[in-house]
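K.L.:
Mind looking at a prediction? Sequence and model below.
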Amino acid sequence: MTELVLPNHTNQLGNLLGGQLMHWIDICAAMSAAKHSQRVCVTASVDKIDFHQPHKLGDVVTLNASVNRVFNTSMEVGVKVFGESLKEGKRVHSNSAYLTFVSLDDNEKPVKTFDVIPKSDDEKRRYKEALRRRDTRLKSRKKK
């Protein structure tokens, strides 16, 4: 997904609003989950998002999403965010985020979806790491 940072997306410093970027991340991840599951998907959780580099007015923001792993009724989607200054021709990785989505059936009930079958080394790494992150999420939930 590619977006152009316009004036209504920025704060007083001319930087992309964090909330706007979080919205784009959620939309991009939701589309990835929906394409994978061929169903409507809803956000169940969002892991921590760190802002490493600001995006300026006029920058192009590219978001790449992938379904890393499917669990019982949930799936982890990873999103990588890149910013590009067209003036400088410089592209930087600014954010990464992990979101959990649930695909819904026609009655809006959670339903299991197609498994992910990792093939490349990168897909296998993301698949393995997704289980570790899920375990951390579940442990954190039990503490509350």
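P.N.:
That came through fine.
K.L.:
Low-confidence ranges, the protein, go.
P.N.:
144 (pLDDT under 70).
K.L.:
what residues does the longest helix seen in it touch?
P.N.:
As assigned by DSSP state H, the longest helix anywhere in the chain is helix 121-143. Residues outside helix 121-143 that contact it (C-beta atoms under 8 Å, 6 or more residues apart in numbering) are 45, 47, 66, 68, 69, 71, 76, 78, 98, 100, 116, 118. In this view, the C-beta of every residue, glycine as well, is placed from N, C-alpha and C.
K.L.:
nearest to residue 30, of these?
P.N.:
Residue 30 lies nearest to residue 100 out of the contacts of helix 121-143, by C-beta to C-beta, at 11.5 Å.
K.L.:
Checking the closest one next. Helix, strand or coil?
P.N.:
Here residue 100 is recorded as strand under DSSP: H, G, I helix; E, B strand; the rest coil.
K.L.:
can you check residue 52 too?
P.N.:
Classified using three-state DSSP, residue 52 is coil.
K.L.:
What of residue 115?
P.N.:
Here residue 115 is coil, with the state taken from three-state DSSP.
K.L.:
For residue 91, name its beta-bridge partners.
P.N.:
With DSSP bridges applied, residue 91 shows beta-bridge pairing to residue 84.
K.L.:
who touches it in this structure?
P.N.:
Residue 91 touches 82, 83, 84, counting by C-beta under 8 Å, 6+ apart.
K.L.:
what's the burial count for the closest residue to residue 95 other than its chain neighbours?
P.N.:
Computed as C-beta to C-beta, 6 or more residues apart in numbering, the closest residue to residue 95 that is not its neighbour in sequence is residue 81, at 3.9 Å. If you count neighbours by other C-beta atoms under 10 Å, residue 81 ends up with 26.
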